[in-house]
Each structure stands twice: as structure tokens, then as C-alpha cells.
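S.K.: how would this look folded up:
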Amino acid sequence: MVSNAHGSPVKALLVEDIAVCTFVLSAMLRRFNCEIGVANNGKEAVDFFLDGKKFDIVLCDKDMPIMSGPEAVEKIRALGETDVMIVGVSADDNAMEAFMNAGADVFVHKPMKLETLGTMIQEVINKKNAMI
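M.R.: You can find the predicted model right below:
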């Protein structure tokens with residue numbers, strides 16, 4: 001069970017171009033009381049950071065129009081965003097290497113399991129609580 005003793009919700013950015021995947025992952029994130037931002041492609045995700053938005057975790061698909069997930073991860077890291085946990089998410093068996101080389105912290109195959117997401121959210125909460 002995910003626990004957030006200090007009460008501030010985890011801020012999650014979901015970067016996904018397929019509506020059904022966005023719906024499913026958003027529902028999963030809501031189960032953990034996350035505040036959710038949605039970007040439909042990598043460029044929109046980078047723009048959130050350029051606009052000064054802060055997130056605790058980013059769930060990023062690989063193949064999207066305009067800018068791919070790994071390209072977005074690389075640009076987000078280049079902006080100095082090292083505290084945010086970035087999770088590459090894809091059904092593509094070759095996606096792991098691309099995400100990890102770009103600077104992602106974790107790679108998860110689709111479909112993501114609720115327990116897997118819960119473990120990552122708890123890790124983010126523990127990190128946030130340790131910084132208080």
C-alpha cells in the first residue's frame with residue numbers, strides 16, 4: 001500500500017499519444033491520489049518543464065508524433081531535471097536501451113501492472129519525505 005505521511009500528492013506527468021493508454025494509466029495514477037498532467041507527445045512534455053512546471057514522476061511512452069519518448073527524456077535531463085523519476089513505458093522490446101541511454105531511471109513494459117506503479121510511487125514518496 002502506498003503511504004504519503006506528509007500529505008503532498010505526487011505530481012505525475014503522463015506522456016502518451018494513445019487515448020486508451022492515457023485513460024488506463026491516469027486511472028491507475030488516481031488510485032494513488034496523484035496530481036496528473038498529460039502530454040500527448042514528447043514536445044508537450046518538454047514544454048511543461050520549459051514553462052517551469054515540476055513533477056515527481058514522468059511516465060513516458062516511446063513512439064509518439066512530433067517528438068519520441070527517449071528524445072523528450074534526453075531534453076528534460078538536459079534542462080537539469082535530475083530529481084524527477086522518469087519511467088520509460090513501451091510494448092516495444094527494443095525500447096529499454098533507448099530510454100536508459102536517454103537518461104530514464106526505469107523502464108517498464110506495457111501493460112504496466114498496478115503493483116509496479118505502486119512501488120514506483122512509493123519510492124517517489126519516500127524520496128520526497130526524506131527531503132523534508
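S.K.: A strand includes Leu13, no?
M.R.: Yes. Residue state for Leu13 (DSSP: H, G, I helix; E, B strand; the rest coil) corresponds to a strand.
S.K.: I'd say it and Ile57 touch.
M.R.: Yes. The pair Leu13 / Ile57 is scored as a contact, 7.4 Å apart, by Cβ atoms under 8 Å. In this view, the C-beta of every residue, glycine as well, is placed from N, C-alpha and C.
S.K.: So the most centrally placed residue in the chain: helix, strand or coil?
M.R.: For the chain, the residue nearest the mean C-alpha position is Val58 (1.7 Å; Cα atoms, centre = their mean). Here Val58 is strand, with the state taken from three-state DSSP.
S.K.: Kindly state the pLDDT recorded for it?
M.R.: Per-residue pLDDT puts Val58 at 98.
S.K.: Residues in a beta bridge with it, which ones?
M.R.: Assessed by DSSP bridges, Val58 has beta-bridge partners Leu13, Ile86.
S.K.: So it sits against Asp83, correct?
M.R.: No. Look at Val58 against Asp83 with Cβ under 8 Å: they stay out of range, at 11.3 Å.
S.K.: got the angle for the worst-scoring helix or strand of the chain on mean pLDDT vs strand 11-15?
M.R.: Scoring the helices and strands of the chain by mean pLDDT, DSSP states H and E places helix 114-130 at the bottom, with a mean of 93. Counting by axes from the mean of the first three to the mean of the last three Cα atoms, to 10 degrees, helix 114-130 lies at 140 degrees to strand 11-15.
S.K.: Done for today, thanks.
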